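1. The following comprises the amino acid sequence and a computationally predicted model.
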Amino acid sequence: MSAADAGNATGRGSGLLIYSPILHDWTVTGQATSWDRPGMTTTGTTITTLSESEADAFVDEWMEAWNAHDLDRVLEHYADDVEYFSPFIAQMAEPGRPGADGRLVGKPAVREYFAAALERNPELHFEPPAHVAVGAGSVSFVYRSIKRLTAVETLVFAPGSRTVAKAHCHYRSPVG
């Protein structure tokens, strides 16, 4: 507990920690038995925020790897425990099996999905992105994907790195 927290709490000696309530009708419903419980916050993690030119370079390298059909080079962008979300995953998965909900976890599962996608789409070629946007700890980009779909990908970096921890993929059919 920080010094600031200690100053706002009462009952330290009894094992009951009571902070000044935010709402007048709050009541204590539990008691901590240990003062060293880990916090449930991500405070203190390092967020990787790219400059616009860094984001452009990252997305260019990502697209070059895909357009070269170089699976190992594509996967270099992703963490070992990556969470990957795409409606195409659900389309390819068998009902009740991993991926049926549109989500894969871990680089081995993502590798298998990417390999199958490259095999099914030997002509795969992504057009350069129309837009690249920088977020706090992420990058999003809009590009033309297979079957002329408009694609929007949001890649969220693992704390303190340029390795993708989560990927959210969105698609829309051409209008008209």
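-> Here it is on my side, so go on.
2. hang on, isn't S51 packed against V134?
-> Yes: S51 is in contact with V134 according to Cβ atoms under 8 Å; the separation is 7.3 Å. Every residue, glycine included, has its C-beta placed from N, CA and C.
3. of the two, who's got more company?
-> V134 (17 against 9; other Cβ atoms under 10 Å).
4. next helix or strand past the helix or strand where the more buried one lies?
-> Per DSSP states H and E, V134 falls inside strand 131-135. Using DSSP H and E, the helix or strand that directly follows strand 131-135 along the chain is strand 138-144.
5. quick one: buried residues of that following strand?
-> Residues S138, V139, S140, F141, Y143, R144 are the ones in strand 138-144 that count as buried (16 or more other Cβ atoms under 10 Å).
6. so it versus strand 131-135, what angle?
-> 170 degrees (axes from the mean of the first three to the mean of the last three Cα atoms, to 10 degrees).
7. what sits up against strand 138-144?
-> Contact with strand 138-144 is made by 50, 55, 58-59, 63, 126-133, 150-157, as judged by Cβ atoms under 8 Å, 6 or more residues apart in numbering.
8. Low-confidence stretches in this protein?
-> 1-44 (pLDDT under 70).
9. per the record, what domains does it have?
-> Listed by automatic domain parsing, the domain ranges of the chain are 1-40, 52-172.
10. With T46 as the reference, name the closest of the ones you listed.
-> domain 52-172 (3.8 Å; Cβ to Cβ).
11. The closest one: how far from the chain's middle?
-> 11 Å (Cα atoms, centre = their mean, to the nearest Å).
12. Quick one: end-to-end distance for it.
-> 25 Å (Cα to Cα, to the nearest Å).
13. if we can go back for a sec, distance to D101 for the buried residues of strand 138-144 - can I get that in JSON lines?
-> Converted to JSON lines, these look like this (distance: Cβ to Cβ, whole Å):
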{"residue": "S138", "distance to D101": "22"}
{"residue": "V139", "distance to D101": "25"}
{"residue": "S140", "distance to D101": "22"}
{"residue": "F141", "distance to D101": "24"}
{"residue": "Y143", "distance to D101": "25"}
{"residue": "R144", "distance to D101": "27"}
